[in-house]
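Asks: After the sequence you'll find the predicted model.
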Amino acid sequence: MGEGSAVANFLRRTLWPLVVGMAAGALLVALRAPAWLVAGGLLLLSVAAITMALRTRTAMLTVTRADEALGRTILPPLAREVFEHLPDPLLLLDAGGRVLFANSAMRAVVGVGSENKHVSALLRTPLVLEAIAHTSTSGEPGAVEFSIPVPVERFYQAYVARSATEPPITTFLLHDLTAIKRTEQMRADFVANASHELRTPLSAVSGFIDTLKGHARDDVEARDRFLDIMSVEAGRMRRLIEDLLSLTRIELNEHVRPAGVVALEAIVRETAAALMPLAKSDDIAVEVVAASGLPLVVGERDELIQLFQNLIHNAIKYGKSGGHVWITLATAPGPGGRGAGEMVSVAVRDDGEGIAVDAIPRLTERFYRVDVRRSRERGGTGLGLAIVKHIVNRHQGRLSIESQAGAGSTFTVFLPCAPPDNTVTELL
Ligand code: ADP
């Protein structure tokens, strides 16, 4: 029943006693009846009108409540509660497509106050509405994939089915595909980026091979120069493949806690020493300062060497020629404050070019570089900090990056300490 016709019905049913009362009052006045008789009659008719009005209102409320209650009677309290807490969004619709029930996950998708509304007022995708209409009339179950573009695009698989009950109920269940779609997209982007990165050195190498087979065949000077370039490009491809393999290996293990217990100072000093020739060639002084009595940390030695290699190498690569790299080891409170599991911090600071503030959040993305040409010139793959982030995650640590363009950068890694009386098995 429409709201307009319900109101008209209400007025028709309550106004007539007043109209009849007024007509009777006018007749009594015309017949010169005593005033008390007219007043008494009018009073009685008013009481009748009020009583009828109240009865009509109660009847109307009963009709609307009956509609709402349809959802309740169809769903016993236990089923209602179970559906309410389902993680997947669920709608139950009557044969006409009106909402009888929407669980809390569905309310997060279509908004609150959906009960009694037509489904087309909640979901606008024609494909979805067609699937619901088809299943409601034919009884054939259906499934469609669709997306809701705002506020942030989300992807869903919708399942529609009709019950064999009387009256029939149409169930509309959503399965959120957003995370899967994003992962698929990331994988596709990653493969596209990796092939692009490999294609550049590969085409340089094959170009030089063609030149050496052709007109430079007998040009000894050109041949030596080209072979040098080919060797640099081959080195770039090798580093890229090594970094890609490391990244995959670390990602595969990311959910497994490291089994070892290590002293960070020794690892950091060893790594810095191995990079000394590179630092020397850029005339950069590397200094390691460690607080005394540093606790051991839970960690995988090889992965931690790779982590500090990437950070110290970056500090040298993007540092200032004739400048400094400072590496400082200290203890730091855990994320929950003092006493909540201590950590060891390793800060790698340089006095190089620095990084613009808006680039900092993107540094750990695969293949992200602030200056692509500079990174390539310095032999970078764009994967170093992505590897650092995954190793830190696996170690349940934290990475902080502070920098100012032109004023150097500090990359600090925080790693949880091993329990004081640990053994390797206790940590597993
Ligand atoms: P790359 O192989 O290019 O060095 P990384 O993942 O290690 O890749 O670093 C990503 C980018 O972050 C670099 O290309 C560079 O632009 C920037 N970057 C990293 N470390 C530093 C640093 N110490 N100083 C300035 N920029 C840095």
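Replies: Noted; the coordinates are in hand.
Asks: what's the helix or strand for the most centrally placed residue in the chain?
Replies: Central residue of the chain (C-alpha atoms, centre = their mean): residue 179, 7.3 Å from the mean position. According to DSSP states H and E, residue 179 maps onto helix 178-213.
Asks: and if you look at residue 171?
Replies: Assigned by DSSP H and E, residue 171 falls in strand 170-176.
Asks: just how off-centre is that strand within its chain?
Replies: Centroid separation between strand 170-176 and its chain, computed with C-alpha atoms, centre = their mean, to the nearest Å, is 21 Å.
Asks: Break down this protein into its strands, ranges please.
Replies: 90-93, 99-102, 142-148, 154-162, 170-176, 261-262, 285-290, 297-298, 324-332, 343-350, 398-403, 409-416 (DSSP state E).
Asks: Using a markdown table, lay out those strands together with distance to the ligand and mean neighbour count.
Replies: Yep, even glycine has a C-beta here, placed from its N, CA and C like the rest. Listed next are the strands of the chain as a markdown table, based on distance: least, C-beta to the nearest ligand atom, whole Å; neighbours: other C-beta atoms under 10 Å:
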| stretch | distance to the ligand | mean neighbour count |
| --- | --- | --- |
| strand 90-93 | 44 | 23 |
| strand 99-102 | 46 | 24 |
| strand 142-148 | 32 | 15 |
| strand 154-162 | 30 | 19 |
| strand 170-176 | 32 | 20 |
| strand 261-262 | 23 | 18 |
| strand 285-290 | 13 | 15 |
| strand 297-298 | 22 | 22 |
| strand 324-332 | 9 | 18 |
| strand 343-350 | 5 | 23 |
| strand 398-403 | 7 | 16 |
| strand 409-416 | 4 | 21 |
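Asks: Next, format these as TSV and append mean pLDDT and distance to residue 218.
Replies: Listed next are the strands of the chain as TSV, based on pLDDT from 0 to 100; distance: least, C-beta to C-beta, whole Å:
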stretch	mean pLDDT	distance to residue 218
strand 90-93	96	78
strand 99-102	94	81
strand 142-148	95	62
strand 154-162	96	61
strand 170-176	97	66
strand 261-262	96	56
strand 285-290	97	46
strand 297-298	95	60
strand 324-332	97	47
strand 343-350	97	47
strand 398-403	96	51
strand 409-416	97	49
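Asks: Dump the ones you listed into JSON lines; add distance to residue 271 as well.
Replies: Shown next, in JSON lines, are the strands of the chain (distance: least, C-beta to C-beta, whole Å):
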{"stretch": "strand 90-93", "distance to residue 271": "54"}
{"stretch": "strand 99-102", "distance to residue 271": "57"}
{"stretch": "strand 142-148", "distance to residue 271": "47"}
{"stretch": "strand 154-162", "distance to residue 271": "43"}
{"stretch": "strand 170-176", "distance to residue 271": "43"}
{"stretch": "strand 261-262", "distance to residue 271": "12"}
{"stretch": "strand 285-290", "distance to residue 271": "10"}
{"stretch": "strand 297-298", "distance to residue 271": "15"}
{"stretch": "strand 324-332", "distance to residue 271": "9"}
{"stretch": "strand 343-350", "distance to residue 271": "10"}
{"stretch": "strand 398-403", "distance to residue 271": "17"}
{"stretch": "strand 409-416", "distance to residue 271": "12"}
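Asks: Find the residue ranges of the stretch 51-200 of the chain scoring beneath the pLDDT cut-off.
Replies: Filtered on pLDDT under 70, the stretch 51-200 of the chain yields the residue ranges 51-73.
Asks: Let me see the domain layout of this protein.
Replies: 3-74, 77-176, 178-256, 257-428 (automatic domain parsing).
Asks: Tell me the gap between the last one and the middle of its chain.
Replies: The chain centroid and the centroid of domain 257-428 are separated by 27 Å under C-alpha atoms, centre = their mean.
Asks: Equivalent analysis for the second one, please.
Replies: Between the centre of domain 77-176 and the centre of its chain there are 23 Å (C-alpha atoms, centre = their mean).
Asks: roughly how far apart are residue 308 and the ligand?
Replies: Between residue 308 and the ligand the distance is 13 Å, computed by C-beta to the nearest ligand atom, to the nearest Å.
Asks: Spatially nearest residue to residue 274 (excluding sequence neighbours)?
Replies: residue 309 (7.4 Å; C-beta to C-beta, 6 or more residues apart in numbering).
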